[in-house]
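Student: Sharing a sequence plus its predicted fold:
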Amino acid sequence: MTMTLRPDRIMKLASAFYDSCVLFTASDLGIFRQLAESGSADAAEVAAALELDPRATRLLLDACVALELLIKQDVSYCNTPETAAFLVSGAAGDLSRAIRYNRDVYAAWGALPELVRNGKPVEAPEIHLGDNPARTRAFVMAMHGRAMGIGRMVIPMLQLPESGHLLDIGGGSGAYAILAAQQQPGLTCMMMDLPGVVAIASELVEAAGVSDRVTCIAGDYHTAEFPGENDVVNILGVLHQESPESIVDIFTRCHKALKPGGVINVLDMMTDATRCRPSFSALFAVNMALTTTNGWVFSDEDLAEWLTTAGFVDFSCQPVPPPMPHWLARARKPA
């Protein structure tokens, strides 16, 4: 069998960052928001409104058209329906905050050779977990936008009880706890994260109007004893930064924190047993290794083994419907 060689695929990979940089720049400069307000405009009008250079603005707008982020008619530009739905601040499906996380780790990816040489993250995770207030706020807000989008699809899949107690470990911005409380008005939620993160999450919980049923507590889930008597424990999008030993320890404390018959839900990127598929998960593993000490992506088989070791039964795991690249697992503490 003759294999067709594809130099074009190699060249496309080599220039893939062009696309990302155009997206990040247009989003950060407010191009999509401005066009949403004006309906359509030529390059000079966009540049004047945003105080940009006219020629460079035209080049950026044409690049956005080439990437199907904008539509061009004669000399005027407007948003595509997809851009209007997902890249305009305040839109129902707004992802503009979520993609800023990808923008923020762009520099880290440039240092990938350093990671491979010495095996250590190229930036300290503490920078966006409390040590640097500005980076922490930017990180939490980016994760909030991302988690709200993910959560609107995932929370209804969790089969939450109508009442009882839910513990959200590594709850970040509080997005998942907020959505759980909104879905089940009889449910009381408690989320735990580091102090610098919790300070921002408390603001978001208050703004969502659920502070009477969502409590944010400061604690390091690596060492903290979790509050007990919970009906549900959620660990959503957290464990890809933990070692296998740490994950088993966390699950063991989750088991203790649940009532008999209680349920644990785990959402995360996962690979198959080869560690290579899906491709996004394999690439995300590199991203996590660049920015966290133990970052990686585990397999569903790994997860089943760890939950069983911690005492859980009835393990199940399923992919979240596209376009989400996550898997959702569930297990139960024996009654």
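Tutor: The structure has been received and is ready for your questions.
Student: And residue 75, how far from residue 58?
Tutor: Distance of residue 75 to residue 58, given as CB to CB, to the nearest Å: 9 Å. Using the backbone N, CA and C atoms, a C-beta is placed for each residue, glycine as well.
Student: So for these two, which sits in the more crowded spot?
Tutor: The neighbour comparison of residue 75 against residue 58 (other CB atoms under 10 Å) goes to residue 58, with 18 against 12.
Student: where's that one, which helix or strand?
Tutor: In this assignment (DSSP states H and E), residue 58 forms part of helix 54-66.
Student: Give me the buried positions along stretch 311-323.
Tutor: 312, 315, 317 (16 or more other CB atoms under 10 Å).
Student: should've said stretch 217-229
Tutor: Judged by neighbour count using 16+ other CB under 10 Å, the buried positions of stretch 217-229 are 217-219, 221, 226.
Student: How about stretch 200-217?
Tutor: 200-205, 208, 210-211, 213-217.
Student: Below-threshold pLDDT in the chain: ranges please.
Tutor: Flagging of the chain using pLDDT under 70 yields the residue ranges 1, 126-131.
Student: Export only the CA atoms of the longest strand anywhere in it, formatted as PDB.
Tutor: Longest strand in the chain, counting residues (DSSP state E): strand 258-268. C-alpha atoms of strand 258-268 as PDB (Å, rounded to 0.1, in the frame of the first residue of the first chain):
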ATOM      1  CA  LEU A 258     -20.600  11.300  51.400                       C
ATOM      2  CA  LYS A 259     -23.600   9.800  53.000                       C
ATOM      3  CA  PRO A 260     -24.100   6.100  52.300                       C
ATOM      4  CA  GLY A 261     -25.500   5.800  48.800                       C
ATOM      5  CA  GLY A 262     -24.100   9.200  47.900                       C
ATOM      6  CA  VAL A 263     -22.800   9.900  44.400                       C
ATOM      7  CA  ILE A 264     -19.600  11.300  43.100                       C
ATOM      8  CA  ASN A 265     -19.500  13.000  39.700                       C
ATOM      9  CA  VAL A 266     -16.200  13.600  37.900                       C
ATOM     10  CA  LEU A 267     -15.900  15.700  34.700                       C
ATOM     11  CA  ASP A 268     -12.600  15.900  32.900                       C
END
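Student: Kindly calculate the angle that the following helix or strand past that strand makes with strand 258-268.
Tutor: Per DSSP H and E, the first helix or strand lying C-terminal to strand 258-268 is helix 279-291. Orientation check (axes from the mean of the first three to the mean of the last three CA atoms, to 10 degrees): helix 279-291 against strand 258-268 gives 100 degrees.
Student: Show me the domain layout of this structure.
Tutor: Domain segmentation of the chain under automatic domain parsing yields 7-86, 107-332.
Student: Which one of the ones you listed lies nearest to residue 100?
Tutor: Evaluated with CB to CB, the domains of the chain place domain 107-332 nearest to residue 100, the distance being 4.6 Å.
Student: Endpoint to endpoint, that closest one covers what distance?
Tutor: Using CA to CA, to the nearest Å, the end-to-end distance of domain 107-332 comes out at 41 Å.
Student: which residues in the stretch 1-150 of the chain form helices?
Tutor: For the stretch 1-150 of the chain, the helices defined by DSSP state H, counting those that start in this stretch cover 7-14, 16-29, 31-38, 43-50, 54-66, 81-86, 98-104, 106-110, 112-118, 133-154.
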